[in-house]
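Peer 1: Pasted the sequence and its predicted model underneath.
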Amino acid sequence: MSLMIDLVEEAYQQGVLLFSKEGKLGFKLKGDVFPAELKSKVLSHKEELIAFLEQGGTSAKPQIATITPNERPEVLPLGYAQQRIWFVNEFGGGSDAYNMVSAYEVVGQFDVTRAERALNE
């Protein structure tokens, strides 16, 4: 198994994407040439590669990222662009330059209370 993983990764690093389709080994090249040494390795392990790729194998251990919540302060600091907009608004007398005007058509029942709460919170 480890040999197949190494071979698939080596091929990828050399610009060759190996895949299996309908029990046959296929490849796509990023460049123009399939390196000769790599080609002989692939041919000598062809059946094993097909079996490995048919199982969906690309790595030994799937890398699953864990998302963990962070502690955040009640008031978050402004980014530089937000600080600039605040400054222009405070000391420039207010401007409509950063307002984005848009209208939406609501189909069906519209709950005004929920909409106000969504916009105000």
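Peer 2: Yep, it's here.
Peer 1: From here on, just use CA atoms for contacts and neighbour counts.
Peer 2: Will do.
Peer 1: Show me the helices in the chain, by range?
Peer 2: Using DSSP state H, the helices of the chain run over 2-13, 36-44, 46-54, 80-91, 112-120.
Peer 1: Select, out of those helices, the one closest to residue 105.
Peer 2: helix 112-120 (13.6 Å; C-alpha to C-alpha).
Peer 1: Next one: the residue nearest in space to the middle of the chain, what pLDDT does it get?
Peer 2: Compute the mean C-alpha point of the chain, and by C-alpha atoms, centre = their mean the closest residue is residue 65, 12.0 Å away. The model reports residue 65 with a pLDDT of 76.
Peer 1: Residue 29 too?
Peer 2: On the pLDDT scale, residue 29 gets 91.
Peer 1: again with residue 58
Peer 2: On the pLDDT scale, residue 58 gets 53.
Peer 1: Excluding chain neighbours, what is closest to residue 95?
Peer 2: Nearest residue to residue 95, sequence neighbours excluded (C-alpha to C-alpha, 6 or more residues apart in numbering): residue 89, at 6.4 Å.
Peer 1: Sweet, I'm off.
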